[in-house]
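Colleague: Here is a sequence with its predicted model. Questions after.
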Amino acid sequence: MKSLLLIIAFISFSQISLGQMIKPTRVVRLPEENGVVAIVNQPTCPVKIVVAEILTKEDGAYPILRYVLQNNSRKSIKYFSVAFAEKFTIEKWHSFGSGHEESVGSVDGKGPILLDRGKFYSNWPAREFEIVPSTESVNKLLVTKPGEQKLKFIGLGMITKVTFSDGSSFDGTPPSSELYDLFMTESVDYLLRISK
């Protein structure tokens, strides 16, 4: 009995210690007047991007793209692929502003259910970060000074592939690839003008 109580006490203490050690990452949400993340209209796509936003850590060192997806189909999903392209006007973030594709789940459909009907998936769950007011470092990126360029950004998101638990799939690549090419050839200022 004594050893059982010691084990329970140890487990409880470990959970409290771990909870205290894991603190959410403090981030700043970039203001809407500085840019936008647009979502490609894919009416037949079974997965919808319901949140897409650009965040940065308090030091403004690099951009962080966060998204949330919802399974709007009648089937469970085992795999999906989502593509984002981002562009930034400031030199500091140019290396982050190209594009990337993120694939989640089992390509062959043999893995576990990733996303049940109506459920949500986020690449960065809300419990892992804390939105804070803009910091001095981030303000320096956002404020226009003579001879310096103000941070402007634009993002474009689309679903490129979905595989269901029954083996059927959705391919979003053909209609979206031309839009992606256009996005990559135009300037941030031009894209922001036509998106309004």
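Modeller: Right, received. Where do you want to start?
Colleague: In contact with the residue nearest the centre of the chain, which residues?
Modeller: In the chain, the centroid-proximal residue (CA atoms, centre = their mean) is Arg66; its distance is 2.4 Å. Applying CB atoms under 8 Å, 6 or more residues apart in numbering to Arg66 gives the contacts 51-55, 122-124, 129. Heads up, the C-betas are built off the backbone N, CA and C, glycines and all.
Colleague: what about the strands in this structure?
Modeller: Per DSSP state E, the chain carries strands over the ranges 25-29, 35-39, 47-57, 63-71, 77-88, 100-105, 120-122, 129-131, 153-164, 169-171.
Colleague: Could you list the buried residues of stretch 32-39?
Modeller: Judged by neighbour count (16 or more other CB atoms under 10 Å), stretch 32-39 contains these buried residues: 34-39.
Colleague: in the sheet, who's paired with the closest residue to Lys75 other than its chain neighbours?
Modeller: With CB to CB, 6 or more residues apart in numbering as the criterion, Lys75 has its nearest non-adjacent residue at 4.3 Å, and that residue is Phe164. Applying DSSP bridges to Phe164 gives these bridge partners: Ile77.
Colleague: hmm, back to that, redo the strands of the chain as CSV? Include mean pLDDT and distance to Met184.
Modeller: Converted to CSV, the strands of the chain look like this (pLDDT from 0 to 100; distance: least, CB to CB, whole Å):
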stretch, mean pLDDT, distance to Met184
strand 25-29, 88, 25
strand 35-39, 85, 14
strand 47-57, 90, 17
strand 63-71, 89, 16
strand 77-88, 86, 6
strand 100-105, 77, 13
strand 120-122, 90, 26
strand 129-131, 87, 29
strand 153-164, 87, 9
strand 169-171, 91, 21
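Colleague: wait, which of those strands is closest to Leu192?
Modeller: Closest to Leu192 of those, according to CB to CB: strand 153-164, at 5.7 Å.
Colleague: roughly how far is the closest one from the heart of the chain?
Modeller: 10 Å (CA atoms, centre = their mean, to the nearest Å).
Colleague: Would you mark the buried spots in it?
Modeller: Result for strand 153-164 [16+ other CB under 10 Å]: buried residues 153-164.
Colleague: Burial check on the closest residue to Tyr79 other than its chain neighbours, number of neighbours?
Modeller: With sequence-adjacent residues excluded and distances taken as CB to CB, 6+ apart, Tyr79 is closest to Gly105, at 3.5 Å. For Gly105, the neighbour count with other CB atoms under 10 Å is 20.
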